[in-house]
Structures are given as structure tokens and as C-alpha cells.
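**Q** have a look; sequence and predicted model below, questions after that.
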Amino acid sequence: MPLNILFASEMEDAGVWLPQLKQALPQDNFVLVPSEDIDVALVATPPKGTFEPLKRLKLVQSLWMGVERLLADPHYPKGVPLARLVDPGMVAAMSETVLAHVLDWHRHHYHYRMEQEARRWHRLKQHLSSDRTVGLLGLGELGSDVARKLGALGFNVVGWSRRPKKLPGVTCLTELDTVLEKSDVVVCLLPLTAHTRGILNARTLRKIRLGGAIINVARGGHLVAEDLIDVLDSGHLAHAYLDVFEHEPLTHDHPLWTHPGITITPHSAALTEPRTAIPKIVENIERLRRGQPPHNLVDFDAGY
């Protein structure tokens, strides 16, 4: 049975996505304008008013892993299932970014860049990866992949999740403070919910071991930026790697830009890759066509 599929996004390029989607689902009809006869909506930051006309919608498939903006939309159609996109290409990219930041801190490259600018020749103490413990906040698809790759490099890995988890080679805990206190560097990979907003604050950042680092590649709302600056200025943390911000793009005059202890990237840690994402979208649409529940459905009560 052919389906009418809406592509609606202010952030993803329809010119890139649609040719590949049409090739993968030749029997279906793809449109860019909302209407009453839409069966499936493929969305990422959809334009205002997208959901109101969709009267017979059966599935909303996010083009991103994070869905907090969709859940906050007051016009999201009640009772319509929402699926997150778990894109293997994006998962791999996120792990690469986290490993790059962990190694940048572990091998003191952030410090040596400042030394080069000042033309100073001064070596810092070398550490083995087995001397370091990396704390992962969030042990879902992203955290699990990051943990496996950090372990392969010899790092000790501890992880925090609200629900008990078991992962090979990872000390999985449900006590946040214990994870922070064991960690030399902490990586935030959490979904943004009412429970996790502001989780990186003056109290929790100071739980990380002296001279450590924070890596936030999840959402800007997890971090209290003013508290981070204070913790860096105090010397408790050596460096911070920030890819996401409460308001994006980051304003030109924001103090985070010029702080010597902060590395900034423009929400580029892991982008959705159509080549690897489309097979996952196709799988969910075919499951819908067969009357089966799609994969990676969002728990609306939990917020992810």
C-alpha cells in the first residue's frame, strides 16, 4: 500500500534527502507541504504549523536522535507514535568526536596549543590511558559505542544511567555523584529532559577529579555555562569541550568564545548521515506498512 510521506525540516536539506528516499521507497509519495492525507512525517525542527493539518498521521519519524523539541511542541498530534533515529553513521561520528576530545585532554594537546602560541617549550607529565577514568553520562546507543571504543584504547570507563545497565568492561552505576567522583573526564551523552536539565552545574562539576575535563556533546540545556566558567577559573577543571549550547548559534559576545579553558565546536559532533540513516527510516516505514511497531519509539513519559 503506497504511503504519503511528508518531509519537513528547517535544518536538513530536502534536496539531499528526497532523491535518496524516493530511490529507497519508490512506491511511496513524498511531499514538502503538510496536508490531511499524510501518513508519515519525517521531521527535524519542522516549520511552525507543520502538525496541525495532519489528520490521519500514523507515525512521526525524527531525522535526529534528540526529540525534546518535538515533545515540547504543543501541536504535536496526540496518540501518534514518535520514533527516534538511531543512525549508525551518526553513532560512529559521535564516538570519533568523543575520542578526539578525550585524547586531546589526555595527551595535553589543549595545553600545548597555548604553549605554542606563547612560544614556550615545556613538557607535562605523560599518563597511560589505564591511569585515566572516563565517566559517561548516558549509556544508550551513543554511550555504549563510546564505552566500547574507549575501552579498546585502555581507558577505564564508568557510566551513569537512571535505569540499571550492564555493559562489557564498564562499571555501570545509578548514583551520579559516585560516577563523577571516580572520573577524570566526564562526557555528557544524555537526552534532555526535566530530570537532566542543568545536571552539569557548580556542585556536580566540582565532583570531577581535580585537573579533569568536561565534554558536552548532548544538549546545551544540560550545562550551566556560568558555573562552568567559575569552575574553570578556580583551576578545578583543566578544560571543557562544548559542542552544544542553550541558544544556538552562540552569540558573538558570549564569554564562552574567548575563555582559554574552553574548546568550542558548532553543534557538529555528530550529524545525521543520510546514507546510513535512510535504511533505518525505510525499515520503520516498512514495519508500519506491515502493521508492526516501529523501532526506537519514544516513551513520552520518560521524554526519550
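**A** Okay, I see it. Residues are numbered from 1 along each chain as shown.
**Q** C-alpha from now on. contacts and neighbour counts both.
**A** Noted.
**Q** which strand or helix spans the residue nearest to the spatial centre of the chain?
**A** Of all residues in the chain, the one closest to the mean position by C-alpha atoms, centre = their mean is A218, 3.7 Å from it. Assigned by DSSP states H and E, A218 belongs to neither a helix nor a strand.
**Q** so what's the residue count around the residue nearest to it when sequence neighbours are not counted?
**A** Sequence neighbours aside, L189 is the residue nearest to A218 in space, at 4.8 Å (criterion: C-alpha to C-alpha, 6 or more residues apart in numbering). Residues lying near L189 (other C-alpha atoms under 10 Å) number 23.
**Q** quick one: L189 and F300, what's the gap?
**A** L189 is 19 Å from F300, where distance means C-alpha to C-alpha, to the nearest Å.
**Q** show me where pLDDT drops low in the protein?
**A** The model of the chain has no residue with pLDDT under 70.
**Q** please parse it into its domains.
**A** 4-87+272-289, 88-264 (automatic domain parsing).
**Q** residues in contact with the residue nearest to V244 when sequence neighbours are not counted?
**A** Counting by C-alpha to C-alpha, 6+ apart, G220 is the residue found nearest to V244 once chain neighbours are left out, at 4.7 Å. The contact partners of G220, by C-alpha atoms under 8 Å, 6 or more residues apart in numbering, come to V244, F245, E246, H247.
**Q** now do the phi/psi pair for the closest residue in space to the third one that isn't next to it in sequence.
**A** Leaving aside its sequence neighbours, E246 sits nearest to G220 (C-alpha to C-alpha, 6+ apart; 4.2 Å). G220 has phi and psi values of phi -60, psi -30 when expressed as degrees, to the nearest 10.
**Q** and G220, how far is that from L192?
**A** Counting by C-alpha to C-alpha, the gap from G220 to L192 is 9 Å.
**Q** and if you look at R119?
**A** 42 Å.
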